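**Q** Next come a sequence and a model predicted from it.
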Amino acid sequence: MKDIFYLFVSLCLILGHSATNGQTIVSTDSSTRNAILEEFTGVRCVWCPDGHIKATQLTNQYPGRVFVVAYHPSNAGLATPHNGNDPDFRRSFPNVFFSTGFAGSLYLPGGFINRKKYGNSSERMLSRSVWKTKAEEIISEISPVNIGLKSVYDVSQQILTIDIELYYVEEVRPENSYYILLIENGLVSKQSSNSGVVNGYSHKRTYREKITRGQWGDIVTSFRFQGDLVTAQYTLNLNQTIDPINVSNCQIIAFVTNEDTGEIYTGTAVDADQFTTGLNDISNDLQINIYPNPCNDIFSVDLSTITEPISVILTDNSGRLIFNKQIINQKKSDFDISGIPSGIYYVKILSEQSNIIKRLVKI
């Protein structure tokens, strides 16, 4: 199996700090930590499907508060594909984490919750039976730093542009690092289970690519004062990835760590195609009109030429999801947005064949 090779194309990294609020995608209010479950899994592991279920239950119970990345480490025998025709999800990036020196005990399925140490202070690896309890502890604590994330997908060039912002609500003395990773849903392979080998098993939140440069993330040099803002921008050319990527099934997950302890302060995730460019405002495939625009409390979507099911997704200017609605066999749909403030929003319209985005102004 070949190791990950990440080609930085037009990589732009901007680091800085400011005592003023120049942020655009991160909150400056004090907030609680989000939980990051780093799940270690493998296609030959009979109990890993149960780990996948528990991880999904966590994200469903705490949407926007618990995020998961599932690693198939190449140094774990149970991650080896069942045969030569099956896809290989193994990557070398998680190997340093799936080691006794960092994790403590090693087993699949296992996982870290914010890379916190437990027990005898050398044990990060946790059984799936306690993931929920430990995640709930994390999300009840105040974070000294907030994280914001934005992803723009250029369809014509197949390039992702990712912006990250860190805002320090407290002074943080240890150096920090942050990680940005690409994860993908809907990857299909054979999977061992306690009832035998399952054909066509669908994997979720599978780690695919590292976007930050370092094995241990990218370092925020020196300690940070209250009110400091750190920003960075990266690009990832999806033509250069190891395996083909279905961007509509992908998310970008990011988290920030304490360099002294290795513990994750907090993290977040957004859809890789959260915003889309490189498409005509009205595509040749979907002839859709949104009106009135600008609008007051209600806007409508004209679907008179559409015969297939679509999803209408509304996000605010920072990418926060307002709603996601499925539309089937309707010529027109009205949407009440009286409960949200005036501003700029984005309406994403998805079908099996097309993906367009339109700018909506609420006055």
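**A** That came through fine. Residues are numbered from 1 along each chain as shown.
**Q** contacting residues for residue 145?
**A** 166-170, 172, 176, 224, 256, 265-266 (C-beta atoms under 8 Å, 6 or more residues apart in numbering). For the C-beta atoms, the positions are set from N, CA and C on the backbone; glycine is no exception.
**Q** Now restrict those to buried residues only.
**A** 166-169, 172, 176, 224, 256, 265-266 (16 or more other C-beta atoms under 10 Å).
**Q** Point out where the protein drops to low pLDDT.
**A** 1-23, 120, 278-287, 317-319, 353-354 (pLDDT under 70).
**Q** Could you export the buried ones among the contacts of residue 145 to TSV, including columns for distance to residue 126 and secondary structure?
**A** Converted to TSV, these look like this (distance: C-beta to C-beta, whole Å; DSSP: H, G, I helix; E, B strand; the rest coil):
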residue	distance to residue 126	secondary structure
166	26	strand
167	29	strand
168	28	strand
169	28	coil
172	25	strand
176	23	strand
224	29	strand
256	21	strand
265	18	strand
266	18	strand
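**Q** Just the closest of these to residue 115, please.
**A** Among the buried ones among the contacts of residue 145, residue 265 lies closest to residue 115 (C-beta to C-beta), at 10.1 Å.
**Q** Is it correct that the closest one is in contact with residue 31?
**A** No - using C-beta atoms under 8 Å, residue 265 makes no contact with residue 31, being 11.2 Å away.
**Q** Could you name every residue contacting both of those two?
**A** Counting by C-beta under 8 Å, 6+ apart, the residues touching both residue 265 and residue 31 are residue 143.
**Q** May I ask you to confirm that residue 288 is in contact with residue 355?
**A** No - with contacts counted by C-beta under 8 Å, residue 288 stays clear of residue 355, the gap being 11.8 Å.
**Q** which residues are in contact with both of these two?
**A** Shared contacts of residue 288 and residue 355, counting by C-beta under 8 Å, 6+ apart, come down to residue 349.
**Q** Tell me what residue 301 is bridged to.
**A** residue 290, residue 333 (DSSP bridges).
**Q** how far away is it from residue 62?
**A** 31 Å (C-beta to C-beta, to the nearest Å).
**Q** Which one's more surrounded, those two?
**A** Per other C-beta atoms under 10 Å, whichever of residue 301 and residue 62 has more neighbours is residue 301, with 21 against 16.
**Q** The more buried one touches residue 288, doesn't it?
**A** Yes - counting by C-beta under 8 Å, residue 301 touches residue 288, with 6.3 Å between them.
**Q** any residues in contact with both of those two?
**A** With C-beta under 8 Å, 6+ apart as the test, residue 301 and residue 288 both reach residue 349.
**Q** which residue ranges form the helices in this protein?
**A** 48-61, 100-103, 131-138 (DSSP state H).
**Q** which residues sit in contact with residue 355?
**A** 155, 248, 273, 276, 279, 348-349.
**Q** Let's have those in TSV, adding distance to residue 260.
**A** As requested, the contacts of residue 355 are exported to TSV (distance: C-beta to C-beta, whole Å):
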residue	distance to residue 260
155	42
248	39
273	36
276	40
279	45
348	41
349	46
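**Q** Buried ones among those?
**A** 155, 273, 276, 279, 348-349.
**Q** Next, count neighbours for the nearest residue to residue 65 once chain neighbours are set aside.
**A** For residue 65, ignoring the flanking residues on the chain, the nearest one in space by C-beta to C-beta, 6 or more residues apart in numbering is residue 139 at 5.0 Å. Number of residues near residue 139 (other C-beta under 10 Å) recorded here: 16.
**Q** Residue 290 now?
**A** 18.
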